[in-house]
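Trainee: with the input below, show me the fold.
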Amino acid sequence: MQFWLIALTAFFISLIGCWAITQSAWLRNLGNIEPSENRWHQTITPGLGGIPIFIGFAVATLASGAIGPLSSAILVCALPLLVVGTYDDIKPITPKAKLLVQILATALFLLLITTNESLSLITSISEAGPYVLLHWLFCGIWLIAIINAINLLDNMDGLAAGVASIACLTIAYLCGKSDMLSNISLLYYILAAALAGFLMLNRHPAKLFMGDAGALWIGFTVAAGVMLLLSSITLPIKPETTLGYTMKWVFALLICAVPVSDTLMVMITRKMRGQAISIGGKDHLSHRLVSLGLSEKASVAILWLAALIAASLAILIQHFQPPLWIATIFVFFIILFASICWLTNKTAKLLHVVADHSHQHSS
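Mentor: Got it, this is the predicted structure:
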């Protein structure tokens, strides 16, 4: 099947499925997401958008004939996250229960890709000894961290789906450049197409949310793709050195710069306020941009642009010499860190006033 036909299949299955949810009273009520003090939206909005995204993704992947050990491992391990996310959207479960499923899905994925010699990841530092275990520990932490980072980023219309789409296109392009991973390049183009279908109804003002039914498995799929790239990506620096290994993870952070930055900022600021990280809030990067006077569309567009710049750097650094690309990445992260610090300080008082007003209103 031709590439454009596969992409259109994923797009239209996702779009039609999302539209069907908005038209069905039963489905709307089954997974509807009501406004609350900790949520940004102001009207009752259907959830479960992650289900038609997954159906479009899976059907188009199967129809493409591109199923192999890697793509099968990703689909198999994404499925339990879809199930638990859907259940949580319908009948909320505890964060610990969701984390347990994430750990099990992560462990299964690592097991599947290590039991097949052709899928074994390169440890870069050493073929034996403590570095091997350390590498797999980093991989497990990475998968769980990005699952939750995408979930936390799903806080404003079109934001998480747009950022995930940019990450998927980046992964697809880079996988296409690797002989080892060329067979899963199509997988991520298909997911980007399915996300595009969802975005038709998720853009502001959103008629549908992906919910945990989408955020969990999409976060896992993005994290898995980036992790697999670490095994084949060629950087202009010796991979067997500690610096080379570290820079590979910096490369991974570039592809997921926006969700990682947003999550770290929220974790740190909530910890400083003595607030539980697992409880939602209106203190994300997107909310802080709006508090400066920007529209929701403009705030989302800025974060899309930041994700696009970071992803472009991840692609371009393969063509730079070490001093130049290391300096470029360093400057990018310094600018990103300074921007987040400025935004956090600038909006801290505004968000505190809003929180006090909401508390008084609820009292």
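Trainee: only C-alpha atoms from now on, for both contacts and neighbour counts.
Mentor: Fine.
Trainee: where exactly do the helices run in the stretch 201-350 of the chain?
Mentor: 212-229, 242-255, 257-273, 285-291, 296-316, 322-362 (DSSP state H, counting those that start in this stretch).
Trainee: just those: most buried one?
Mentor: Greatest average neighbour count among those goes to helix 212-229 (a mean of 27), per mean count of other C-alpha atoms under 10 Å.
Trainee: what mean pLDDT does it have?
Mentor: On average, the pLDDT along helix 212-229 is 95.
Trainee: with just CA atoms, put that helix into CSV.
Mentor: Taking C-alpha atoms only, helix 212-229 is exported to CSV below (Å, rounded to 0.1, in the frame of the first residue of the first chain):
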residue,chain,number,x,y,z
ASP,A,212,-5.6,9.2,29.7
ALA,A,213,-6.9,6.8,27.0
GLY,A,214,-4.6,8.6,24.7
ALA,A,215,-1.9,10.3,26.7
LEU,A,216,-0.5,7.2,28.4
TRP,A,217,0.0,5.0,25.3
ILE,A,218,1.0,8.0,23.1
GLY,A,219,3.6,9.0,25.7
PHE,A,220,4.9,5.5,25.8
THR,A,221,5.1,5.2,22.0
VAL,A,222,7.0,8.5,21.7
ALA,A,223,9.4,7.5,24.5
ALA,A,224,10.0,4.1,23.0
GLY,A,225,10.9,5.6,19.6
VAL,A,226,13.3,8.1,21.1
MET,A,227,14.9,5.3,23.2
LEU,A,228,15.4,3.1,20.2
LEU,A,229,17.0,5.9,18.3
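Trainee: show me what that helix is packed up against.
Mentor: helix 50-64, helix 69-90, helix 130-153, helix 159-176, helix 242-255 (3 or more C-alpha pairs under 8 Å, 6 or more residues apart in numbering; DSSP states H and E).
Trainee: relative orientation of that helix and helix 130-153 in degrees?
Mentor: Angular relation of helix 212-229 and helix 130-153 on a 0 to 180 degree scale: 150 degrees, by axes from the mean of the first three to the mean of the last three C-alpha atoms, to 10 degrees.
Trainee: for helix 212-229, which outside residues touch it?
Mentor: Helix 212-229 has contacts (C-alpha atoms under 8 Å, 6 or more residues apart in numbering) with 48-51, 53-54, 74, 78-79, 81-89, 121, 139, 142-144, 146-151, 154, 160, 164, 167-168, 171, 174-175, 181, 252, 255.
Trainee: how about 6 Å then?
Mentor: Leu48, Gly50, Ala78, Leu81, Leu82, Gly85, Thr86, Leu143, Ile146, Ile147, Ile150, Asn151 (C-alpha atoms under 6 Å, 6 or more residues apart in numbering).
Trainee: likewise for stretch 45-52?
Mentor: Residues outside stretch 45-52 that contact it (C-alpha under 6 Å, 6+ apart): 14, 17-18, 28, 31-33, 208-211, 213-214.
Trainee: would you mark the buried spots in it?
Mentor: Within stretch 45-52, the residues that qualify as buried are Thr45, Pro46, Gly47, Leu48, Gly49, Gly50, Ile51, Pro52, counting by 16 or more other C-alpha atoms under 10 Å.
Trainee: what sits against Met265?
Mentor: Per C-alpha under 6 Å, 6+ apart, neighbours of Met265: none.
Trainee: any idea how far it is from Ser182?
Mentor: Computed as C-alpha to C-alpha, to the nearest Å, the Met265 to Ser182 distance reads 35 Å.
Trainee: in terms of pLDDT, where does Leu70 sit?
Mentor: Model confidence at Leu70, given as pLDDT, is 88.
Trainee: oh, I was asking about Phe330
Mentor: At Phe330, the model reports a pLDDT of 85.
Trainee: look up how far Leu243 lies from it.
Mentor: Distance of Phe330 to Leu243, given as C-alpha to C-alpha: 14 Å.
Trainee: next: Ile335.
Mentor: For Ile335 relative to Leu243 (C-alpha to C-alpha), the value is 22 Å.
Trainee: quick revisit: dump the helices of the stretch 201-350 of the chain to a markdown table, plus distance to Val101.
Mentor: A markdown table is the format used below for these (distance: least, C-alpha to C-alpha, whole Å):
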| stretch | distance to Val101 |
| --- | --- |
| helix 212-229 | 10 |
| helix 242-255 | 24 |
| helix 257-273 | 20 |
| helix 285-291 | 28 |
| helix 296-316 | 28 |
| helix 322-362 | 32 |
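Trainee: so where is the stretch 1-150 of the chain shaky, pLDDT-wise?
Mentor: For the stretch 1-150 of the chain, the stretches flagged by pLDDT under 70 are 1, 34-42, 115-132.
Trainee: Leu137 versus the residue nearest to Leu143 when sequence neighbours are not counted, what's the distance?
Mentor: Closest residue to Leu143 apart from its sequence neighbours, by C-alpha to C-alpha, 6 or more residues apart in numbering: Ala223 at 5.3 Å. Distance of Ala223 to Leu137, computed by C-alpha to C-alpha: 14 Å.
Trainee: same deal with Lys282?
Mentor: Taking C-alpha to C-alpha, one finds Lys282 at 32 Å from Leu137.
Trainee: higher neighbour count, those two?
Mentor: Lys282 (18 against 11; other C-alpha atoms under 10 Å).
Trainee: which two in the contacts of stretch 45-52 are spaced the farthest apart?
Mentor: Ser14 and Ile33 (19.8 Å; C-alpha to C-alpha).
Trainee: nearest spatial neighbour of Ser312, skipping sequence neighbours?
Mentor: Thr170 (7.9 Å).
Trainee: could you give the number of residues near that neighbour?
Mentor: Using other C-alpha under 10 Å: Thr170 sits among 24 other residues.
Trainee: confidence score at it?
Mentor: 96.
Trainee: who touches the helix or strand where Thr22 lies?
Mentor: When elements are assigned from DSSP states H and E, Thr22 belongs to helix 3-23. Residues from elsewhere that reach helix 3-23, judged by C-alpha under 6 Å, 6+ apart: Leu27, Gly49, Pro52, Ile53, Gly56, Phe57, Ala60, Ile190, Ala193, Ala194, Gly197, Phe198.
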